[in-house]
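> Below is the structure, and that's it, no one-letter string:
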């Protein structure tokens, strides 16, 4: 019970701060906003898909990792500038990870 209360409190804090970086799915986003996935607005769904699209594009550009099928079409429509921006973000994530280790 205490674990659920702590998780709920953390979700509320993240939702208030607008920090959805740790939310990796529509279900997680819905829990942070106290909604079911079906209740999420189209704007929130698009923002989450865009975040993952950028993540996969950057990782592919930096490391050559494969892009999941559901994001391949979205990544294919990205401009060179968008891909460059995603690659820079991937480089920042990599540097932050190396610095933390």
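Great, that's in hand. Everything numeric in this text was worked out from a predicted model, so none of it was measured. Residues are numbered from 1 along each chain as shown.

> can you give me the helices in this structure?
Secondary structure of the chain (DSSP state H): helices at 2-17, 26-32, 42-63, 69-76, 80-100.

> Now the weakest link among the ones you listed, please, by mean pLDDT.
In terms of average pLDDT, helix 2-17 trails the rest of the helices of the chain, at a mean of 57.

> what sits against the closest residue to residue 88 other than its chain neighbours?
Nearest residue to residue 88, sequence neighbours excluded (CB to CB, 6 or more residues apart in numbering): residue 58, at 7.6 Å. From N, CA and C alone the C-beta is placed, and that goes for glycine too. Residues in contact with residue 58 (CB atoms under 8 Å, 6 or more residues apart in numbering) are 83, 86-91, 93.

> Same list, those residues, but as a markdown table with neighbour count and distance to residue 99 please.
Listed next are these as a markdown table, based on neighbours: other CB atoms under 10 Å; distance: CB to CB, whole Å:
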| residue | neighbour count | distance to residue 99 |
| --- | --- | --- |
| 83 | 16 | 25 |
| 86 | 22 | 20 |
| 87 | 17 | 19 |
| 88 | 13 | 16 |
| 89 | 16 | 16 |
| 90 | 21 | 15 |
| 91 | 13 | 12 |
| 93 | 14 | 11 |
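
> Out of those, flag the one nearest to residue 72.
Among these, residue 83 lies closest to residue 72 (CB to CB), at 13.5 Å.
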